[in-house]
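**Student:** Turn this into a structure:
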Amino acid sequence: MRELWRRLRHGRQLERGLDEEIRFHIDQQIEKNLRTGMSAGEARRLAFVKFGGVEHLKERTRDEYRPALVEDFLRDVRYGVRLLFRTKAFAVVAILTLGLGIGAATAVFSVVRGVLLRPLPYPDPDRVVRLHQVDGNGRRTNTVSEPNFEDWKSGTRSFSAMAEMSAGQSPVTIGGEATMTQGAGVSREFFDVMGVRPLVGRGFLPEEQRVGGTPAAIVSDRLWRTRFGSGPLETLTLRIGTTVHQVVGVMPAGFDYPGGSDFWTARELNPPQTSRTAHNFTVVARVSGGVDVSAAQSEIGALSRALKQRHGDGTWMSDAAVVPLRESLTATSRPVLLLLFGAAILLLAIACLNVSNLHLARAVWRSAPTAAGSRGSSSPRRSCWRWRQASWGSLSPLPASGRWPRCSRPTCPASPTSAWTRAYSASRSSSPPARRRCSAS
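**Tutor:** Model prediction:
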C-alpha cells in the first residue's frame with residue numbers, strides 16, 4: 001500500500017520522466033537519419049515510423065511501473081466528465097432515464113428484501129411454523145379449536161414447543177387514559193416457540209398461568225417507553241377491560257408478534273374451551289432440532305386423520321398442515337410484491353435499452369475518437385473504452401456546425417477523422433499534407 005500511494009502521489013513526476021525518455025530516443029533517431037543525408041522533415045517522419053505509436057508505448061510502460069488500473073480509471077473519469085459537460089442535454093436525459101429505472105428497482109427491492117428475504121428476528125426462524133387445520137375440502141383454516149390443539153401437543157414428538165394464541169384489540173387504560181391497543185393472550189410455551197425472552201423483568205410464573213391466577217402482563221418495548229416512560233416495573237399496571245394487570249416484563253425492541261401486539265397476557269387465566277368446532281386460536285410451534293419439516297408434517301397429519309376417525313362429525317378437521325411462519329405471514333403479499341419487483345426490473349431494462357439506443361445513435365456519427373485511437377496512439381483496450389465514453393458526447397447526431405458531414409469514412413480526407421489525422425501529422429512534420437477532395441458519395 002505504501003508503494004501504491006508513492007506511485008499515485010508522484011505520478012506526474014513519473015510521466016515527465018517517461019516523456020523525456022521517449023523524446024531522447026526519438027531525437028537520437030532523428031540525428032541518425034540526418035547523418036544519412038535526409039531532410040529534416042523526412043528524418044523526423046521516419047523516426048516516428050520506426051519508433052511506433054508513442055501513446056501505445058506509454059500505455060505499455062505505465063503497466064510496468066505503476067498501478068495502471070487506478071490511473072486509467074482516474075483518467076477515464078476526467079475524460080468522461082469533460083464529455084458530459086460538453087453535451088449536457090444528453091447527460092441529463094441519460095442520467096434521468098437510468099435514475100428512474102434504478103430508483104424504482106431499488107425501492108421495490110428494499111420492500112421485497114424487508115418482507116420476503118430478511119430473516120425473521122427469532123433464533124432459527126426456519127423452525128418456527130404455523131399449524132393449520134385442513135377441512136374435508138382440503139382448505140386450510142387459520143384458526144384451531146383448543147381440544148385439537150391439546151391433542152396435537154400431547155400426541156406429537158416432532159415439536160419442541162407448541163403454543164396457542166388469540167390476538168385482537170382491547171381497551172387498555174394506563175394512567176387514566178384509555179386507548180384501543182393490540183394485544184394477545186398466549187399459552188405457556190409461546191415464548192419458547194419464538195425463542196425470545198423479556199429483556200427487562202421476567203416471564204409468567206406458574207401461579208399466573210392458571211384459571212383465577214394473578215393477572216400479569218408483559219408489554220412491548222414501544223409501549224413501555226411511550227406510555228410508561230420506561231419506569232420501574234414494580235410500579236406499573238395496566239387495565240385491560242375491567243381487569244388490572246401487573247406489568248412483569250418488557251420484550252426486546254422490535255418484537256411485536258402476533259400482529260403488532262403491544263402486550264401479552266396468559267391464556268390460562270380463562271377457562272379452557274371444550275368444543276372441537278370452536279376455532280378461536282392460532283397455533284405456532286417450533287420444530288425440534290434434527291427433525292425435518294416434512295417429517296413433522298407427516299406425523300401431525302397422521303394424528304389429525306386419526307382424530308377425525310375418532311370424533312367423526314364432532315370435528316371439522318380432516319388433516320393438518322405445517323407451514324413455515326414466514327410463508328404464512330407473506331402468503332397474501334408475496335404475489336403482489338413479486339409482480340411489482342418484476343415490473344421494476346422490466347422498467348430498469350427498458351431504461352437501459354433506451355440509453356443504449358441513444359448511445360448507438362450518436363456513436364454512428366462520432367467515429368473520430370475510435371478511428372483516432374486505432375491509428376496506434378493507444379492500446380486497443382483504451383481505444384475501445386474511449387469509444388464507449390465518446391458515445392456520451394452528444395444527444396444530437398449532427399456536428400456542432402449543424403450540417404451533415406460530407407463523408408463518414410474514417411479514411412476519407414474530408415471526414416473529421418482525416419482532418420484530425422492531418423492536424424496531428426502537421427504538428428510532426430515540417431510540411432503539412434496536401435488537401436484532397438473526397439470522391440466518396
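**Student:** going forward, measure contacts between C-alpha atoms and count neighbours the same way
**Tutor:** Fine.
**Student:** Sort out which residues of the one helix or strand Asp19 maps to are buried, please.
**Tutor:** If you go by DSSP states H and E, Asp19 is part of helix 11-35. Using 16 or more other Cα atoms under 10 Å as the test for burial, helix 11-35 gives Leu14, Ile22, Ile26, Gln29, Ile30, Asn33, Leu34.
**Student:** What of stretch 344-363?
**Tutor:** Under the neighbour-count criterion of 16+ other Cα under 10 Å, stretch 344-363 has Ala344, Ile345, Leu347, Leu348, Ala351, Cys352, Val355, Leu358, His359, Ala361, Arg362, Ala363 buried.
**Student:** So for the first one, what pLDDT did the model give?
**Tutor:** Looking back up the chat, that one is Ala344. Listed pLDDT for Ala344 reads 90.
**Student:** Show me where the stretch 51-200 of the chain has its helices.
**Tutor:** 54-65, 68-86, 88-112, 146-155, 190-194 (DSSP state H, counting those that start in this stretch).
**Student:** any idea which of those is most buried?
**Tutor:** helix 190-194 (a mean of 20; mean count of other Cα atoms under 10 Å).
**Student:** After that helix, which helix or strand is next?
**Tutor:** strand 200-201.
**Student:** Report how many residues lie close to Ser145.
**Tutor:** 23 (other Cα atoms under 10 Å).
**Student:** ok, it touching Val283?
**Tutor:** No - look at Ser145 against Val283 with Cα atoms under 8 Å: they stay out of range, at 9.5 Å.
**Student:** quick one: average confidence on stretch 229-245?
**Tutor:** Stretch 229-245 carries an average pLDDT of 93.
**Student:** need the contact list for the closest residue to Val211 other than its chain neighbours.
**Tutor:** In this structure, Val211 finds its nearest non-sequential neighbour in Leu269, 4.3 Å apart by Cα to Cα, 6 or more residues apart in numbering. With contacts defined as Cα atoms under 8 Å, 6 or more residues apart in numbering, Leu269 is in contact with Glu208, Gln209, Arg210, Val211, Gly212, Gly213, Pro215.
**Student:** re earlier: who does the helix holding Asp19 touch, helix- and strand-wise?
**Tutor:** For helix 11-35, the packing partners by 3 or more Cα pairs under 8 Å, 6 or more residues apart in numbering; DSSP states H and E come out as helix 40-51.
**Student:** Tell me the buried residues in the helix it packs on?
**Tutor:** Here helix 40-51 shows Glu42, Ala43, Arg44, Arg45, Leu46, Ala47, Phe48 as buried, counting by 16+ other Cα under 10 Å.
**Student:** Tell me where the protein is predicted with low confidence.
**Tutor:** Within the chain, the stretches with pLDDT under 70 are 1-14, 53, 56-71, 365-441.
**Student:** now the strands: where do they sit in it?
**Tutor:** Here the chain has its strands, by DSSP state E, at 128-134, 140-141, 144-145, 159-174, 177-186, 200-201, 216-219, 237-240, 243-250, 263-266, 279-287, 319-324.
**Student:** closest to Glu234 among the buried residues of helix 11-35?
**Tutor:** Leu14 (74.3 Å; Cα to Cα).
**Student:** That'll do, ta.
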